[in-house]
Every structure is written in structure tokens, then in C-alpha cells.
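**Q** Next input, structure requested:
(one chain, ligands or ions: 1)
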Amino acid sequence: MTFKGRDFIEITSFKRSEIEYLFKIADKLEPVARKGSDILKGRILACLFFEPSTRTRLSFEAAMLRLGGDVIGFAEPAVSSIAKGESLADTVRVVENYADIIVLRHPLEGAAKLAAEFSSIPVINAGSGSLSHPTQALLDLYTIYREKGKIDGLKIALIGDLKYGRTVHSLAYALSYYDVKLSLISPPQLKMRREILEDLRRSGVKILENESLQDVIETSDVIYVTRIQKERFPDPTEYERVKGSYKLTFDMLSNCKKDLIILHPLPRVGELDPKIDSTRHAKYFKQTYYGLLVRMALLASILGAI
Ligand code: NCD
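**A** Coordinates of the predicted model:
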């Protein structure tokens, strides 16, 4: 199994066995998350972020620094030559001379794929429009594996903006590698994209629809809540209609399973009650820590250091 030199554009770029191998590497790298190492000394990561980010960019940067490497890049296109009209293809062909690997976030759905086509160094997709966010799916899956000890056999609910949310798209594909029951709960306007549903069904995932939110809360092992993706709505009035239409509150958890875990890719903006934070169910901050481990594993593997 080799990851050296590979791009990571979609979660389906890696097989289940490869994902689980990465998890083993993430487990092994845990001490490095605190103490650091020089595994990637002399290597450079370029973070090209054309959209806002806190966790994804900072955890990739922290991962590279903890592994002994260096980081260059920009956190907003306004400070780069993109502001002068430079194309993504040209940007990539320049940056490949300065770095060993690129992490790219971009508002266009096909951006990461296009960048990988032009780049001679590996490209990792850190979010392509509303289409996909495969490294988030890796860390979501890793969080479930660490917190529940398994993924097969679980009942998992995805709640919120299943239409524009890129994290749930990639996570749904990742979960299709496993024997899980998937509940999809969203306002009618924000249902899971049809082509993704068809792919999931084809791969044998059991999808439970039309359940009430209360039933889902009582029977789930994992609840994954998402933010309504305001910035992706073509029409602001459409957003006004759905905004605030769902919220997971502390009181709703009174009959949930004792070992239910609640995840959220963050940021949250009202759909997840902060009163839940102090319960044993809240794993969304731990999830951000697991993200660091998974991203260390990914960088070290693709750069051929492991
Ligand atoms: C997500 C994203 O950017 O898609 N954030 C993240 O990477 N953790 C989710 C979101 O913005 O709602």
C-alpha cells in the first residue's frame, strides 16, 4: 500500500483498507501531536485558501509544523495574484516550484481536480465548493472509530444542510464503505443530492428516511449536525426561508442512548445548543483534535516519510 505522491481529491480516491491504514498511522503519530518530530524536515506545504477557514487550514499547518516541515501560502485570495486575475492553473504551476505538496480550498466544485491535473506535486482537496471535503470525512470517520471503537453496525444520523454541505457529501461516501444505517434529516429544501443518494443505495447503504427527529435522537449511535451553508444559496430569500429551521437542544437528548456521540464539522451558528457542550455526548471539539492526527498521517504518507 503506497500513498507516496498521490493526490487526495475525493474520499473515494482511497479504498477502505487504505483509509484504515491511515488511521493506524494517525494512532502512531499521536505523541508527535504534542512533542513534535523531524519526520518532514526540509519539506514545504503550500496552503492555498480561496475561502474562509479556521480548523482545516490551521490543523494542516499545525500538522506540517509538528512533523518538522514548513508552511507557506495564503488564507485569502485578495493578498495573492489571484486579485490581479491570475488563473488557478497558473497559480498551481508557480507554487509547485516552491513546495512539495499543496492543500487547496476553493469555492468551485471542480477546483481541486483541476489543480491536480496541472500540478506536478500532490494536491489535497481541503474543500471544493459544496461538492466535497474529503479530509473532513477522514477525520469524521476517525473520530467515530476512536470514540466508538468501530464503524460497522452503527446507526448514524446526518442532520441539517445535506444539499450544500460538502462535509456530509464526503462523509456519506466514506460511510458507504461500511455496514451502517444512515438517517438523513433535513428541511425539504435541503435534502441530500439525488445523485449521491443513488450512489449510496447502489453501494448497499441502508438509508432510513421519513423518521422524526425525536426517533432519530433516541435510536442513533452517532448524530452529525451541520450548519446551513448560507454562502452557497443562489437566492438569499431561499436562505431566509430555511434559516433557524432546526436546532439540536439539550432537552431533546433526554431519551438518547447513553453512549450517543454528537459530531459537528464546525463552525456552528445556532443549530447546536452550547448547553450540550458539557455532556458526555459532545465530541465536536475532540473531533478537531483528531483532525490534526489524521492530517499528520496524510501529509507524512503522501510525502513518503512513513
Ligand atoms: C466545513 C466546511 O468548510 O465545509 N468546515 C470545516 O472545514 N470544518 C463546514 C462548514 O463550513 O459549515
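**Q** C-alpha from now on. contacts and neighbour counts both.
**A** Fine.
**Q** and the gap between the residue nearest to D179 when sequence neighbours are not counted and the ligand?
**A** The shortest distance from D179 to any non-neighbouring residue, by CA to CA, 6 or more residues apart in numbering, is to D152 (4.8 Å). D152 sits 24 Å away from the ligand, going by CA to the nearest ligand atom, to the nearest Å.
**Q** now swap in V94 and tell me
**A** 25 Å.
**Q** Can we start the residue count at 56 from this point?
**A** Got it, first residue is 56 now, which makes that one V149.
**Q** Show me how far the helix or strand hosting that residue is from its chain's centre.
**A** Assigned by DSSP states H and E, V149 falls within helix 143-150. Mean-position distance between helix 143-150 and its chain equals 24 Å (CA atoms, centre = their mean, to the nearest Å).
**Q** The one residue in the stretch 206-355 of the chain that gets nearest to the ligand: neighbour count?
**A** When scored by CA to the nearest ligand atom, the stretch 206-355 of the chain has P320 as its residue closest to the ligand, at 4.3 Å. The tally of other residues near P320 (other CA atoms under 10 Å) stands at 21.
**Q** can I assume it is in contact with V223?
**A** No. Here P320 does not reach V223: they are 9.2 Å apart, not a contact under CA atoms under 8 Å.
**Q** Going along the chain, name the strands of this protein.
**A** Ranges of strands in the chain, per DSSP state E, are 99-104, 125-129, 156-161, 178-183, 210-214, 236-240, 261-263, 277-280, 316-318.
**Q** Which of those comes out lowest on mean pLDDT?
**A** Per-stretch mean pLDDT for the strands of the chain is lowest at strand 261-263 (a mean of 93).
**Q** so what strands line up beside that strand?
**A** Here strand 261-263 is paired, per DSSP bridges, with strand 236-240 (parallel).
**Q** still on that earlier bit, need the strands of the chain in JSON lines with mean neighbour count and distance to the ligand, can you?
**A** Listed next are the strands of the chain as JSON lines, based on neighbours: other CA atoms under 10 Å; distance: least, CA to the nearest ligand atom, whole Å:
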{"stretch": "strand 99-104", "mean neighbour count": "22", "distance to the ligand": "11"}
{"stretch": "strand 125-129", "mean neighbour count": "16", "distance to the ligand": "16"}
{"stretch": "strand 156-161", "mean neighbour count": "25", "distance to the ligand": "9"}
{"stretch": "strand 178-183", "mean neighbour count": "27", "distance to the ligand": "6"}
{"stretch": "strand 210-214", "mean neighbour count": "24", "distance to the ligand": "12"}
{"stretch": "strand 236-240", "mean neighbour count": "22", "distance to the ligand": "16"}
{"stretch": "strand 261-263", "mean neighbour count": "15", "distance to the ligand": "23"}
{"stretch": "strand 277-280", "mean neighbour count": "23", "distance to the ligand": "10"}
{"stretch": "strand 316-318", "mean neighbour count": "24", "distance to the ligand": "11"}
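**Q** follow-up on the earlier one: wait, what's in contact with the residue of the stretch 206-355 of the chain closest to the ligand?
**A** Residues in contact with P320 (CA atoms under 8 Å, 6 or more residues apart in numbering) are 191, 195, 222, 280-281, 339, 342.
**Q** 7 Å instead?
**A** Contact criterion CA atoms under 7 Å, 6 or more residues apart in numbering gives T281 as the residues in contact with P320.
**Q** Could you tell me the phi and psi values at it?
**A** phi -70, psi -20 (degrees, to the nearest 10).
**Q** Quick check: residues of the stretch 106-255 of the chain near the ligand?
**A** 110-111, 221-222 (CA under 6 Å from any ligand atom).
**Q** can you list those residues in TSV and add pLDDT and neighbour count?
**A** Below are these laid out as TSV (pLDDT from 0 to 100; neighbours: other CA atoms under 10 Å):
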residue	pLDDT	neighbour count
R110	96	17
T111	97	23
R221	98	24
T222	98	23
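**Q** can I get those in CSV with distance to L213?
**A** Listed next are those as CSV, based on distance: CA to CA, whole Å:
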residue, distance to L213
R110, 20
T111, 20
R221, 12
T222, 10
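**Q** Is the residue nearest to D234 in contact with S231, as I believe?
**A** No. Using CA atoms under 7 Å, D207 makes no contact with S231, being 10.3 Å away.
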